[in-house]
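Chemist: Make a model of this:
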Amino acid sequence: MKKLTNIIISLTIALSICIGLIGCSTSNVTQNNNSPMSNNKERETYKETLKVYNAAEYIDETTIADFEKEFKVKVEYAEFESNEDMYSEVVSDPNAYDVLVPSDYTIDRLIKEGRLARLESTKIPNIANVSSEYLKPQYDPNNEYVVPYMVGTLGILYNKKMVSSPIDSWTSLFDSKYNGKILMWDSQRDVLGATLKMLGFSVNSNNADELSQVQSKLIAQRQIIQGYGEEEIRDKMIADEGAIALMYSGEAKTAIDQNPNLKYVIPKEGSNKWVDGFVIMKNTKHLEAAHNFINFMCRPNIAVRNMTNTGYTSPISGAWAEFNNNKIMFPTKEELDRCEAFLYDASATPKYNDLWTIIR
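Modeler: The predicted structure is shown next:
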């Protein structure tokens, strides 16, 4: 019996060893299949990886897939909620991204701080598709650093069923009769700029007394607003959960397309007209791919797709006919003449930051 037991034990041990060896062999085969073969396939599909950083919900992502397919370049695409968030990230890690899509005042800052690569114009021939009115901005008069991507305005979106009369002034955002029904887009320069305009000042004011007046207005406003937010305030307006909101033109168009009771207005006091653009980080190791990406996005058919998806206006004039002169996408000259662009001022920025900390 003891001998039989020993035989059984020996057979059991042998069987265990065999199973273990088979398991190790299987494991090694799996690792080999998932590592070199997979990596080789990846290398065959994509020549390199391009990292693009854009604002949230600001592109038709199928256009990125088409770029990848045509140029054999993998795009790692990430989104930011505000220019301030984006700036902080790229300053802390200048190698994190290759292509950015900031707003004009942040582009202005990045240029002045020497963080951007100069563009090679011969590699972006499709810049010829950009309407001349959006080229040569004050901060980049020769378009050495930026190619315009989207343009628009800052204004008020309101629900016609929930207001007593048509809205035409920034003062409505501070009117207590809309207590609990006011929504504010959570963006420093936009909130401060709208309030400055309401008070009759420039959106780029650096005057201590004027900024003090803005602070008083916005602190008092906190008692009557429903809250600050980003895309969720657009969704609240669509759902009739707010009466008035500070909003960008593209978000407003998207909302109106889903709720015909909504209306967008550029207030009579004036506002911000902006141009967001493609720029390339100075330290990029993918300069060719970055230029190809920007040039690809300047094709009229690609611009149409991005306009359709986002509700914003591309500066590519060949894309405009598709949108039947939509009044939100294409403001009148009179409306634009009372607007101004945000600019970067190194001495004003700390004041804006301090003011924003107090308000928020």
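
Chemist: contacts and neighbour counts: CA atoms only from here.
Modeler: OK.

Chemist: helices and strands of the protein: which one bottoms out on pLDDT?
Modeler: Ranking every helix and strand in the chain by mean pLDDT, DSSP states H and E puts helix 2-32 at the bottom, with a mean of 39.

Chemist: SS state for residue 126?
Modeler: Judged by DSSP: H, G, I helix; E, B strand; the rest coil, the three-state class of residue 126 is helix.

Chemist: Could I get the contacting residues of it?
Modeler: For residue 126, the contacting residues are 295, 296, 298, 299, by Cα atoms under 8 Å, 6 or more residues apart in numbering.

Chemist: Can you redo the residues you listed as CSV, where the extra columns are pLDDT?
Modeler: Below are the contacts of residue 126 laid out as CSV (pLDDT from 0 to 100):
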residue, pLDDT
295, 98
296, 98
298, 98
299, 98
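
Chemist: In the residues you listed, which residue is surrounded by the most others?
Modeler: residue 298 (26 neighbours; other Cα atoms under 10 Å).

Chemist: how close does the closest residue in space to that residue that isn't next to it in sequence get to residue 300?
Modeler: Take residue 298 and drop its neighbours on the chain: the residue closest to it by Cα to Cα, 6 or more residues apart in numbering is residue 126, 5.6 Å away. For residue 126, the distance to residue 300 equals 9 Å [Cα to Cα, to the nearest Å].

Chemist: likewise residue 172?
Modeler: To residue 300, residue 172 is 38 Å away according to Cα to Cα.

Chemist: How about residue 283?
Modeler: 29 Å.

Chemist: Looking at those two, which one has more neighbours?
Modeler: Neighbour count, other Cα under 10 Å: between residue 283 and residue 300, residue 300 has more, with 20 against 15.

Chemist: Quick one: residues contacting residue 302.
Modeler: 63, 296.

Chemist: so where does it fall, helix or strand?
Modeler: Taking DSSP states H and E as the definition, residue 302 sits inside helix 300-310.

Chemist: How about residue 150?
Modeler: Here residue 150 is assigned to strand 147-159, by DSSP H and E.

Chemist: mean confidence score for that strand?
Modeler: What strand 147-159 shows for mean pLDDT is 98.

Chemist: And stretch 93-113, by the same measure?
Modeler: 97.

Chemist: can you pull the buried residues of that stretch?
Modeler: 94, 96-111 (16 or more other Cα atoms under 10 Å).
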